[in-house]
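Asker: whatever this is, show me its structure:
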Amino acid sequence: MALTEARAVDGVTGQSYNDCGKHMISALKKNRVTAILSISEALNQIKDIDSLLDRVLFEARRFSRADAGSIYLLENQKLRINFVQNDTLTRKESGKKYLYQNHSLEINDQSMAGYVALTKKPLIIADAYHLPQAVPYKFNRSFDESAAYLTCSVLTVPLITPYGKLIGIMQIINATDENNSVIPFSNEDELVVSFFANHAATSIEKAKMTREIILRMIKIAELHDPEETGAHVNRVAAYAIEIYSAWALNNRKSEDEIKRIRDILRIAAMLHDVGKVAISDLVLKKNGPLSADEFKQMKGHVILGARLFKDSTSDWDDMAAEIALNHHEKWDGTGYPGEITDLFAENCSSGPGKKGAGIPLAARIVALADVYDALTSERIYKDSWPEEKVLQHIRDQKGKHFDPELVDIFFSIYDVLRAIKNKYSEN
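Answerer: Okay, here's the model as predicted:
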């Protein structure tokens, strides 16, 4: 007989936040509260929204030994899936592509996530395939069917800031016991995850604001350069962190280092062409080949971009400057701008292009990600290349334009990159 439980409990609104927090603290074991508060403090140090969602979802799942989960953020009065984790699928070949799902839900009582967003109350489901007839929401089996996955127990909680603003929902799936058998979520799981969600919501809202500020900067660049769209920079950044992650695993980097670099790489990669804001529209929007003088002006965007990070105060500033300056260098030394004698001189001079490992790793990664996306994207001044032609170009440029190791990694995770492209489409 299937275990079935569908239960909503009091939600956490701005008015009841403090009282509810006190109730939760008294109900939880002291060591779990201490762990949550410690993790919440660490969350405040994470700059990138995706890195933050990754950590929030991981910790929520760890508290309840959950196999999978997702976070939906509120965008344009809908719930848009922003981050997914699934241990079972990740262990499978090509399973990581499922982490880049792309769909949204209405805020209504037709889905479990929509119902929780509507009511602002947590919801426990013991068996998603056997819901009581009285409940309004349904379980959408399409993902299970496409991914050959089986969802059973589900815990969904709202993400609400201390002043009562709903910013999204978190849904964790398939709690497990010590033998890794799927079991229902417990009352304590609900309490712990809800308490953690209350603290995480503020950090998520701050990181989301940071991302929005970055995208507004990109919109300024887009006024000049039609290639520099929000979708383009989101794709390049997502490609970059997946290529880096695979490289880091191949090179046996520590988990802490991988997390640290992923956090700063995504934002830094988004600003790779920010220097174009200072390039003339006559050059950026020219419909046809550039003259030698125009191309010289265009190449100046890498120096102008790097100069924006002159007063570095963090590793992120350093990486953003590195990428802006070096993402047009080529593995064989034929790129630009080459070695710069004085980046801030009025007429700074440059030497031959940097070569091989002399090009910073982050810039080598972004170079590959940027070219792939640029060639596969349609713009007002050019058609997109067919996918196979782009892939052949990347193969041909292995050891020339691109780092050979990174090209091999690119093709080893190609299905993930395609999933990213679909998620951050132009439409």
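Asker: so the protein: which segments form each domain?
Answerer: By the record's domain assignment, the chain is partitioned as 6-205, 225-423 (automatic domain parsing).
Asker: how about a markdown table for these, with mean neighbour count added?
Answerer: From N, CA and C alone the C-beta is placed, and that goes for glycine too. Putting these into a markdown table (neighbours: other CB atoms under 10 Å) gives the following:
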| stretch | mean neighbour count |
| --- | --- |
| domain 6-205 | 18 |
| domain 225-423 | 18 |
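Asker: which strand or helix spans Asn174?
Answerer: Here Asn174 is covered by strand 166-176, with elements defined by DSSP states H and E.
Asker: which strands and helices sit next to that strand?
Answerer: Contacts defined by 3 or more CB pairs under 8 Å, 6 or more residues apart in numbering; DSSP states H and E place strand 166-176 against helix 49-64, strand 66-75, strand 78-86, helix 112-119, strand 154-160, strand 182-183, helix 187-224.
Asker: try it again at 6 Å.
Answerer: For strand 166-176, the elements it packs on are helix 49-64, strand 66-75, helix 112-119, strand 154-160, strand 182-183, helix 187-224, judged by 3 or more CB pairs under 6 Å, 6 or more residues apart in numbering; DSSP states H and E.
Asker: what pairs with it, and is each one parallel or antiparallel?
Answerer: strand 66-75 (antiparallel), strand 154-160 (antiparallel), strand 182-183 (antiparallel) (DSSP bridges).
Asker: what about that strand, average pLDDT?
Answerer: Along strand 166-176, the predicted confidence averages to a pLDDT of 97.
Asker: tell me what angle that strand forms with helix 187-224.
Answerer: Comparing the axes of strand 166-176 and helix 187-224 via axes from the mean of the first three to the mean of the last three CA atoms, to 10 degrees yields an angle of 130 degrees.
Asker: surely Tyr424 meets Arg235?
Answerer: Yes: judged on CB atoms under 6 Å, Tyr424 makes contact with Arg235 at a distance of 4.7 Å.
Asker: before we move on, back to that, can you say which of the strands paired with strand 166-176 is nearest to Ala363?
Answerer: strand 66-75 (30.3 Å; CB to CB).
Asker: keeping just the C-alphas, turn that closest one into PDB.
Answerer: Once non-C-alpha atoms are left out, strand 66-75 reads as follows in PDB (Å, rounded to 0.1, in the frame of the first residue of the first chain):
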ATOM      1  CA  ALA A  66      17.100  14.200  -0.400                       C
ATOM      2  CA  ASP A  67      18.100  12.800  -3.800                       C
ATOM      3  CA  ALA A  68      17.000  15.800  -5.900                       C
ATOM      4  CA  GLY A  69      15.500  19.200  -5.900                       C
ATOM      5  CA  SER A  70      14.900  22.500  -7.700                       C
ATOM      6  CA  ILE A  71      14.500  26.200  -7.000                       C
ATOM      7  CA  TYR A  72      12.000  28.300  -8.800                       C
ATOM      8  CA  LEU A  73      12.400  32.100  -8.700                       C
ATOM      9  CA  LEU A  74       9.500  34.600  -9.200                       C
ATOM     10  CA  GLU A  75       9.900  36.300 -12.600                       C
END
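Asker: relative to helix 112-119, how tilted is that strand?
Answerer: Here the directions of strand 66-75 and helix 112-119 differ by 50 degrees (the same axes, to 10 degrees).
Asker: in TSV, list the helices and strands packed on strand 166-176 along with mean pLDDT.
Answerer: As requested, the helices and strands packed on strand 166-176 are exported to TSV (pLDDT from 0 to 100):
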stretch	mean pLDDT
helix 49-64	92
strand 66-75	96
helix 112-119	97
strand 154-160	97
strand 182-183	96
helix 187-224	86
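Asker: closest one to Lys398 among the ones you listed?
Answerer: Ranking the helices and strands packed on strand 166-176 by their distance to Lys398 (criterion: CB to CB) puts helix 49-64 first, at 28.6 Å.
Asker: and the closest one, how far out from the chain middle?
Answerer: Chain-centre distance of helix 49-64: 12 Å, with CA atoms, centre = their mean, to the nearest Å.
Asker: C-alpha coordinates for that helix, PDB please?
Answerer: As requested, C-alpha coordinates have been extracted for helix 49-64 and formatted as PDB (Å, rounded to 0.1, in the frame of the first residue of the first chain):
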ATOM      1  CA  ILE A  49      23.100  33.800  -7.900                       C
ATOM      2  CA  ASP A  50      23.600  30.400  -9.500                       C
ATOM      3  CA  SER A  51      26.500  29.500  -7.200                       C
ATOM      4  CA  LEU A  52      24.300  30.600  -4.300                       C
ATOM      5  CA  LEU A  53      21.300  28.500  -5.500                       C
ATOM      6  CA  ASP A  54      23.600  25.600  -5.900                       C
ATOM      7  CA  ARG A  55      24.700  25.900  -2.300                       C
ATOM      8  CA  VAL A  56      21.200  26.500  -0.900                       C
ATOM      9  CA  LEU A  57      19.700  23.500  -2.700                       C
ATOM     10  CA  PHE A  58      22.700  21.300  -1.700                       C
ATOM     11  CA  GLU A  59      22.400  22.200   2.000                       C
ATOM     12  CA  ALA A  60      18.600  21.800   2.000                       C
ATOM     13  CA  ARG A  61      18.900  18.400   0.500                       C
ATOM     14  CA  ARG A  62      21.700  17.400   2.900                       C
ATOM     15  CA  PHE A  63      19.600  18.300   5.900                       C
ATOM     16  CA  SER A  64      16.900  15.800   4.700                       C
END
